[in-house]
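A.B. asks: Just the structure for this:
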Amino acid sequence: MQIERDDLTRPQVHALLEEHLADMRAWSPPESVHALDLSRLRSPDISFWTAWDGDRLLACGALKQLSPTHGEIKSMRTPTALRRRGAARAMLAHILAEASARGYERLSLETGSQDGFAPARQLYAAAGFEVCGPFGGYRPDPNSVFMTLELARAPAPAELPPLPATPVGRYRHYKGRFYEVVGAARHSETHEALVVYRPLYGTRELWVRPHAMFFGSVEADGRMQPRFAPAPD
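C.D. replies: Below you'll find the model as predicted:
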């Protein structure tokens, strides 16, 4: 599955958004339909993504900026014929990561109160969203459920602990192959410490692995041993 920023020009995307709007209108009265059409999704304060499996469209989702610290999820949809494949969860995780990367402190959404929206409410609740009052320009509506999630504040650079010691050089994996450690890095969103290394075979492209995993131990041949051990030339 590949999630990508979308320019809203492809026919498959148009068809999925039309299906979304038709469903919203079938479940809710006109004054309670808050789904966005193509023209409104092209607003500069909205980012729109789609998820694909080859040329099959699996999901779409959007993120609207309400303020520098508050975002809103919009236009979350999976095709009726392609549900229960994890695309909605993947899209939600992508939007959550994007909101955190932007420095948002809160992410909110509006969905329906009818039974047809129960799967959506369950998806958001599983991700930690809680029912809240109206936000932004919304007003109380018995046909709407408002939900919000407080995002963890990313620590400022001065608050981050130093990267752990990571001796560079040649290492042997416990299965026998050799690798070169070139340094350490930090994940841009989670700030997890990573080891940057390359295999000493094949294309020798750079790889990353969690620091704790790289320097951890594994059980092999009936004993515990380092996953990677220094192997000077």
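
A.B. asks: Pull the contacting residues for the residue nearest in space to the middle of the chain.
C.D. replies: Compute the mean C-alpha point of the chain, and by CA atoms, centre = their mean the closest residue is H94, 2.0 Å away. For H94, the contacting residues are 3, 49, 51, 61, by CB atoms under 8 Å, 6 or more residues apart in numbering. All C-beta spots, glycine's among them, are computed from the backbone N, C-alpha and C.

A.B. asks: Of these, which belong to strands?
C.D. replies: The strands, defined by DSSP state E, take in 3, 49, 51, 61 from the contacts of H94.

A.B. asks: There's contact between V195 and F214 in this structure, I believe.
C.D. replies: Yes: because the distance of 4.1 Å satisfies CB atoms under 8 Å, V195 is recorded as touching F214.

A.B. asks: Pull up the overlap in contacts between the two.
C.D. replies: Each of V181 lies in contact with both V195 and F214 under the rule CB under 8 Å, 6+ apart.

A.B. asks: which residues are contacting stretch 31-42?
C.D. replies: Outside stretch 31-42, the residues that touch it by CB under 8 Å, 6+ apart are 8, 14, 17, 20-21, 24-25, 46, 48, 62, 74-75, 110, 112, 138, 141, 143-144.

A.B. asks: What distance do you get for T111 to R77?
C.D. replies: 12 Å (CB to CB, to the nearest Å).

A.B. asks: Repeat that for E189.
C.D. replies: The spacing between E189 and R77, counted by CB to CB, is 25 Å.

A.B. asks: tally of neighbours for L63?
C.D. replies: Neighbours of L63 under the rule other CB atoms under 10 Å: 22.

A.B. asks: go on, R227?
C.D. replies: 16.

A.B. asks: Could you check how far it is from L206?
C.D. replies: R227 sits 18 Å away from L206, going by CB to CB.

A.B. asks: Is F117 located within a helix, as I assumed?
C.D. replies: Yes: counting by DSSP: H, G, I helix; E, B strand; the rest coil, F117 is part of a helix.

A.B. asks: Spit out the contact partners of it.
C.D. replies: The contact partners of F117, taken as CB under 8 Å, 6+ apart, are 27, 111, 145.

A.B. asks: let's see it at 6 Å
C.D. replies: F117 sits next to T111 when contact means CB atoms under 6 Å, 6 or more residues apart in numbering.

A.B. asks: and the gap between it and A26?
C.D. replies: Between F117 and A26 the computed distance is 12 Å (CB to CB).

A.B. asks: now do R84
C.D. replies: For R84, the distance to A26 equals 21 Å [CB to CB].

A.B. asks: same question, R223
C.D. replies: Applying CB to CB, one obtains 63 Å for the distance of R223 from A26.

A.B. asks: go on, R139?
C.D. replies: In this structure, R139 lies at 22 Å from A26, with CB to CB as the measure.

A.B. asks: got it, and H14?
C.D. replies: The span separating H14 from A26 equals 19 Å under the rule CB to CB.

A.B. asks: Pull the residues that contact the longest helix anywhere in the chain.
C.D. replies: Among all segments of the chain classified by DSSP state H, the helix with the greatest residue count is helix 11-27. Here helix 11-27 makes contact (CB under 6 Å, 6+ apart) with 33, 35, 50, 57, 60, 77, 79, 112, 114, 116.

A.B. asks: If any of those are buried, give me the ChimeraX selection for them.
C.D. replies: Only the buried members of the contacts of helix 11-27 enter the following ChimeraX selection, criterion being 16 or more other CB atoms under 10 Å:
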select :35,50,57,60,77,79,112
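
A.B. asks: Appreciated, that's everything.
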